[in-house]
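Student: Just to be clear, the model below is a prediction. Sequence and coordinates:
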Amino acid sequence: MSALYRCVLLNRVSTCKKLSGLTFRNYKAAPPQWRTPGSYSRAGSTAITPTTTQPGAMANKADKMSVSCSRCLSSQASTQDGKAGVKRVSIEGNIAVGKSTFARILQSACSDWEVMAEPVSKWQNIESGTSKVCTFNLLQMMYQDPQRWSYTFQTYSCMSRLRTQLQPPPPCLLSSEGTPVQVYERSVYSDRYIFALNMFELGCINPTEWAVYQDWHSLLVEQFGHQVELEGIIYLTAPPEKCMERLERRGRPEEKGVKLDYLNKLHVQHERWLVEKSTEIHFEKLKQIPVLQLDASVEFQSDPEVQDQFITTVCLFIAL
Ligand SMILES: Nc1ncnc2c1ncn2[C@@H]1O[C@H](COP(=O)(O)OP(=O)(O)OP(=O)(O)O)[C@@H](O)[C@H]1O
Ligand SMILES: Nc1nc(=O)c2ncn([C@H]3C[C@H](O)[C@@H](CO)O3)c2[nH]1
């Protein structure tokens, strides 16, 4: 069944449904508007059959994916900052788990979603203040000498994420009749509660730097308030060994020295923050954020059926 068809179907779901372990409670939301790659079309309204009742291959694929949702999205998106009705969601997960790949799939499936990529190329090409010819690769510097460069990296990565999260949605999203969504690849929150915290625990950020980082991070998040709030988090998980395999296959030069142990530590940070909820969080709203956990160890890149299943699940999460 195509993503377009199933998203049309979603329009009629109003009672508690269970999909691959994901429970949805009563919701009435406008249907997400979908496109198939290459052709954009608006969805009409048709009766729905929940995906769990679909026989055959789809059900088997669903068995392969473990999906869980800690709480579903509130239908109230931001209304105070010119982003009325636009929901904001971040995709979180370990290095090379497949966030960009997943984001591209979402982007190509739905015209109402704007995916904002992590600004890696900016980190790789910081222009010198005096000469545009001279650039610095801060990502490489951080990996080569984490003790020296981690704090600098976190200031720059957090600033660039903040800039991304403050970007207004494009006019087409604001005028959308469906459920427009801005999807960020990582966020100012993972900057602090995954990476900066991890670097501090590893001793690559010293206690003074950590105190300074936390102070300005809190100030920025509090000052920008609802402008940097999220309505949901999509957490992609895979065993660190799988991430290592994908990281090596991708072959990003700066990541040559990344060890499995580092990915294990980042995995633990993600689990503490998003699953066990044992990370100390300093923002009340962030503590309440619904988290959709998706098992990204499935090789979904070349499997349209699995992609469809993911899209449907995200679509339901966002519609709630
Ligand atoms: N589900 C998947 N099945 C197989 N290969 C995948 C899958 N998802 C991603 N990959 C591959 O793994 C590599 C890393 O994926 P990707 O760049 O999307 O990860 P990422 O999470 O965005 O990484 P980063 O944390 O560095 O931003 C890529 O080579 C991609 O083609
Ligand atoms: N130290 C550190 N802090 C961050 O906030 C952060 N965000 C991403 N990364 C690394 C992971 C990938 O190699 C690469 C692309 O995601 O950049 C980070 N590294």
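Tutor: Looks like it came in fine. Residues are numbered from 1 along each chain as shown. Ligands and ions are numbered 1, 2, ... in the order given.
Student: For ligand 1, what's the nearest residue on the stretch 1-150 of the chain?
Tutor: Gly98 (2.7 Å; CB to the nearest ligand atom). All C-beta spots, glycine's among them, are computed from the backbone N, C-alpha and C.
Student: close enough to count as contact, that residue and Ala296?
Tutor: Yes: using CB atoms under 8 Å as the test, Gly98 is close enough to Ala296 to be in contact (4.8 Å).
Student: shared neighbours, these two?
Tutor: Common contact partners of Gly98 and Ala296 (CB atoms under 8 Å, 6 or more residues apart in numbering): Leu236, Ala238.
Student: about what we covered before: check contacts around the residue of the stretch 1-150 of the chain closest to ligand 1.
Tutor: Contacts of Gly98 by CB under 8 Å, 6+ apart are Leu236, Ala238, Arg246, Ala296, Phe300, Gln301.
Student: neighbours around the fifth one, how many?
Tutor: Look at Phe300: counted by other CB atoms under 10 Å, it has 23 neighbours.
Student: Nearest residue to it in space, please, no chain neighbours.
Tutor: Val306 (4.3 Å; CB to CB, 6 or more residues apart in numbering).
Student: Roughly how far does the residue lying closest to Pro239 once chain neighbours are set aside sit from Gln269?
Tutor: In space, and not counting its chain neighbours, Pro239 is closest to Ser297: 6.4 Å by CB to CB, 6+ apart. The gap separating Ser297 from Gln269 is 18 Å, by CB to CB, to the nearest Å.
Student: do Gln147 as well
Tutor: Here Gln147 is placed at a distance of 19 Å from Gln269 (CB to CB).
Student: and those two? which has more neighbours close in?
Tutor: Neighbours were counted for Gln147 and for Gln269 using other CB under 10 Å; Gln269 has more, 19 against 12.
Student: returning to what we had before: the residue nearest to Pro239 should be in a helix, yeah?
Tutor: No: using DSSP: H, G, I helix; E, B strand; the rest coil, the secondary structure at Ser297 is coil, not a helix.
Student: quick one, what contacts it?
Tutor: By CB under 8 Å, 6+ apart, the contact list for Ser297 reads Thr237, Ala238, Pro239, Lys242.
Student: helices or strands up against the helix ranked longest in the chain?
Tutor: In the chain, ranked by residue count with DSSP state H as the criterion, the top helix is helix 146-166. If you count contacts as 3 or more CB pairs under 8 Å, 6 or more residues apart in numbering; DSSP states H and E, helix 146-166 packs onto helix 120-124, helix 138-144, strand 181-185, helix 188-190, helix 197-202, helix 207-224.
Student: if we can go back for a sec, which SS state does the residue nearest to Phe300 fall under?
Tutor: Once three-state DSSP is applied, Val306 turns out helix.
Student: And the one 10 residues further on, by the same measure?
Tutor: Leu316 falls in the helix class when you classify it by three-state DSSP.
Student: repeat for Ser90
Tutor: With three-state DSSP as the criterion, Ser90 reads strand.
Student: got the contacts of Ser297 as CSV, with pLDDT, distance to Trp216 and secondary structure columns?
Tutor: Putting these into CSV (pLDDT from 0 to 100; distance: CB to CB, whole Å; DSSP: H, G, I helix; E, B strand; the rest coil) gives the following:
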residue, pLDDT, distance to Trp216, secondary structure
Thr237, 98, 30, strand
Ala238, 98, 33, coil
Pro239, 98, 35, coil
Lys242, 98, 35, helix
